[in-house]
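1. Got a predicted structure plus its sequence, pasted below:
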Amino acid sequence: MRAVNLIPPDLRRGDHAPLRTGPLAYIVVGALALALLGVTLLVLAGNEVSEKKDEVKTLQREDKLAQARAERLAPYAEFQAMSEQRVQTVTSLADSRFDWPRVMRELALVLPSGVILTNLDASAALGEGTEAAKGVKGPSLELEGCTGSQDAVAGFITALKDIDGVTRVGLESSADEEGGSSGSGDGCQGKTQFHLIVAFDAAPLIPVEGAEAPEAEEAESSSAEGESEETEEGG
């Protein structure tokens, strides 16, 4: 006869007893894995925070060193700025200088023998000069005198244009005076008296404090009027 084991399988002992199975073991293993992952992430985060703190300290030390170096170099930067400002000032003054001796020499060379100058005003600064010279954008000469005829005045205007740097010559007035200049003894009795503005518009002006630059339109209008009067007198 074959022996029959009447003990239920779950109560049996020994090598042939079946193993216990169920979800509890998997839950425990999963919990352990999650705990290990959390500990690993926590350690990595702590290491990263430590590295960032060390980096911040390094940057702070570098910033302090840079500030100290900048403070040491500050006097050199101020000296450089002052030097550049002085060079700019000297350059501006040199550029704004006008060679009046050369102009006077050339005026003497082109002055016709029949022309008598009774007054000469020069203006190289904006805001200076007479009212007639206010509209000139550059240095200017204001000439008053007399000559033998209107044709001689036109010839003198043409000669003035030969002076180096002259951009235009404006005729303010030109009239034949019978009585002359009230007996002043300047030799203009009975001659044609003129009033001219010789402009050097391309040369820089030295600004005068409180003066405003003339508008370009006014200068162009003055130039057009001067050229128109020259054409009429020359005709």
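-> It's in. From a predicted model like this one, the values you see are computed outputs, not experimental measurements. Numbering: from 1, shown residues only.

2. the domain parsing of the protein - what is it?
-> 22-96, 100-234 (automatic domain parsing).

3. which one of those domains is the most hemmed in?
-> Greatest average neighbour count among the domains of the chain goes to domain 100-234 (a mean of 16), per mean count of other Cβ atoms under 10 Å. In this view, the C-beta of every residue, glycine as well, is placed from N, C-alpha and C.

4. What mean pLDDT does that one get?
-> When pLDDT is averaged over domain 100-234, the result is 75.

5. Need the domains of the chain in JSON lines (columns: distance to R2).
-> Formatted as JSON lines, the domains of the chain follow (distance: least, Cβ to Cβ, whole Å):
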{"stretch": "domain 22-96", "distance to R2": "33"}
{"stretch": "domain 100-234", "distance to R2": "130"}
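
6. right, so of these, which gets closest to A3?
-> domain 22-96 (30.9 Å; Cβ to Cβ).

7. Okay, strands next: where are they in the protein?
-> Taking DSSP state E to define them, one finds strands in the chain at 116-123, 125-126, 140-147, 168-176, 192-199, 206-207.

8. Serialize the ones you listed to a markdown table and add fields for distance to K53.
-> Formatted as a markdown table, these follow (distance: least, Cβ to Cβ, whole Å):
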| stretch | distance to K53 |
| --- | --- |
| strand 116-123 | 72 |
| strand 125-126 | 64 |
| strand 140-147 | 74 |
| strand 168-176 | 76 |
| strand 192-199 | 74 |
| strand 206-207 | 60 |
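
9. closest to A25 out of these?
-> Here strand 206-207 is closest among the strands of the chain (Cβ to Cβ), at 97.5 Å.

10. Out of the strands of the chain, the one nearest A108 is which?
-> strand 116-123 (10.4 Å).

11. Mind giving me the packing neighbours of that closest one?
-> strand 140-147 (3 or more Cβ pairs under 8 Å, 6 or more residues apart in numbering; DSSP states H and E).

12. Take the strand it packs on, keep the C-alpha atoms, and write them as PDB.
-> What follows is strand 140-147, C-alpha atoms only, in PDB (Å, rounded to 0.1, in the frame of the first residue of the first chain):
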ATOM      1  CA  SER A 140      35.400 138.100 -40.000                       C
ATOM      2  CA  LEU A 141      36.900 141.400 -41.000                       C
ATOM      3  CA  GLU A 142      34.800 144.600 -41.200                       C
ATOM      4  CA  LEU A 143      36.300 147.200 -43.500                       C
ATOM      5  CA  GLU A 144      35.200 150.800 -44.000                       C
ATOM      6  CA  GLY A 145      36.900 153.200 -46.400                       C
ATOM      7  CA  CYS A 146      36.600 154.900 -49.700                       C
ATOM      8  CA  THR A 147      37.800 154.700 -53.300                       C
END
